[in-house]
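1. Could you look at this predicted model? Sequence included:
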Amino acid sequence: MRLPPVLTVAGSDSGGGAGIQADLKTMLALGVHGTSVLTAVTAQNSLGVHGVWELPVEAVRAQYRGVVDDIGAAAVKTGMLSSAPLVSAVAELLAGTDAPAVVDPVGVSKHGDPLLAASALDAVRRELLPAATVATPNLDEVAQLTGVVVRVPEEMPGAARAVLEFGPRWVLVKGGHLGTGDAVDLLTDGTAEHWLRAPRHPNRHTHGTGCTLASAIASRLALGDDVPAAVRAAKEYVTGAIAAGFAAGAGVGPVDHGW
Ligand code: PLP
């Protein structure tokens, strides 16, 4: 059987919980062929990010062209892009690729470590978001990108509209950081509104949830789902992965892709 190829453009997490490692595990679990373009190497474990080394723009371009020109991509996912030159280069590559793009506009890690330079925010707004089929910001990223602060779920549609102004076809505003009983997300293209709810799991081992969700959306798109179906399936997948998250190291452990 030929598995559809799905490309992740993201950073490496040496601890195996987030980034490229989470993306490839998700893709394996969902039955697609994962390929990867590395943007940065992080020295990272369950306690945080201890160092970041960016790859040169040329190395990112060469990986991307090498993969897409030979293997192809049925969907692309982007995660940690680190700097303005890398954001611009990846946005240009996405715009020239005939595949749906899931853009996770990663800003900082759960431990508060920066994964994107402040000077790159403008390139994310003006170059990367317009190339997105689905953008998946959490509420911190929404605030950083648009200035809209969400305190209750009722404020999520306004936040979604502010993100859509930058040009992604769909936006999934992730409300997981709100202290509500359920984890509530809103998917919209400006007309349809899809609310997704999942019971909040008390598990603290949630490292890599954002990467996992975006990769699951890309995988389901590659398998033929439309955007709302892909997001629903991905939310179900990440909810199970969080419930099965486990300790690995002294800090925040990873979600589990084998549940
Ligand atoms: N490290 C890398 C390379 C990532 O891409 C990400 C998230 O996108 C993280 C760390 C942060 O993961 P979390 O916020 O789930 O701890």
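-> Ah, there it is. Remember, it's a predicted structure, so these values are computed and weren't measured experimentally.

2. counting contacts, what elements does the biggest helix by length in the chain pack onto?
-> If you go by DSSP state H, the chain has its longest helix at helix 227-243. Judged by 3 or more Cβ pairs under 8 Å, 6 or more residues apart in numbering; DSSP states H and E, helix 227-243 is in contact with helix 19-30, strand 134-135, strand 182-188, strand 193-199, helix 209-222. In short, each C-beta sits where N, CA and C put it, glycine included.

3. want to throw the ones you listed into CSV with mean pLDDT and mean neighbour count?
-> Listed next are the helices and strands packed on helix 227-243 as CSV, based on pLDDT from 0 to 100; neighbours: other Cβ atoms under 10 Å:
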stretch, mean pLDDT, mean neighbour count
helix 19-30, 98, 24
strand 134-135, 98, 28
strand 182-188, 94, 20
strand 193-199, 94, 15
helix 209-222, 98, 29
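
4. so which of these comes closest to residue 10?
-> Evaluated with Cβ to Cβ, those place helix 19-30 nearest to residue 10, the distance being 5.0 Å.

5. which other residues reach the closest one?
-> By Cβ atoms under 8 Å, 6 or more residues apart in numbering, the surrounding residues in contact with helix 19-30 are 6, 8, 10-13, 16, 33-34, 36, 38, 42, 77, 79-80, 208, 211-212, 214-216, 219-220, 223, 237, 254-255, 257-258.

6. quick one: the longest helix of the chain near the ligand?
-> No: Helix 227-243 lies out of reach of the ligand by Cβ under 6 Å from any ligand atom, never closer than 10.6 Å.

7. Mean confidence (pLDDT) on that helix, please.
-> What helix 227-243 shows for mean pLDDT is 96.

8. Which positions within it qualify as buried?
-> Within helix 227-243, the residues scored as buried using 16 or more other Cβ atoms under 10 Å are 227, 230-235, 237-242.

9. buried stuff in the strand or helix carrying residue 38?
-> Element membership for residue 38, per DSSP states H and E: strand 33-45. Residues of strand 33-45 classed as buried: 33-42, 44-45 (neighbour count, 16+ other Cβ under 10 Å).

10. could you dump it to PDB, C-alpha only?
-> Taking C-alpha atoms only, strand 33-45 is exported to PDB below (Å, rounded to 0.1, in the frame of the first residue of the first chain):
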ATOM      1  CA  HIS A  33       4.600   8.400   5.500                       C
ATOM      2  CA  GLY A  34       6.300  11.100   7.500                       C
ATOM      3  CA  THR A  35       9.200  13.200   6.000                       C
ATOM      4  CA  SER A  36      11.000  16.000   7.800                       C
ATOM      5  CA  VAL A  37      12.700  19.300   7.200                       C
ATOM      6  CA  LEU A  38      14.700  20.300  10.200                       C
ATOM      7  CA  THR A  39      14.800  24.100  11.000                       C
ATOM      8  CA  ALA A  40      16.600  24.100  14.300                       C
ATOM      9  CA  VAL A  41      18.200  21.700  16.800                       C
ATOM     10  CA  THR A  42      17.100  22.100  20.400                       C
ATOM     11  CA  ALA A  43      18.900  20.700  23.400                       C
ATOM     12  CA  GLN A  44      15.800  19.800  25.400                       C
ATOM     13  CA  ASN A  45      14.400  17.500  28.000                       C
END
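
11. That'll do, ta.
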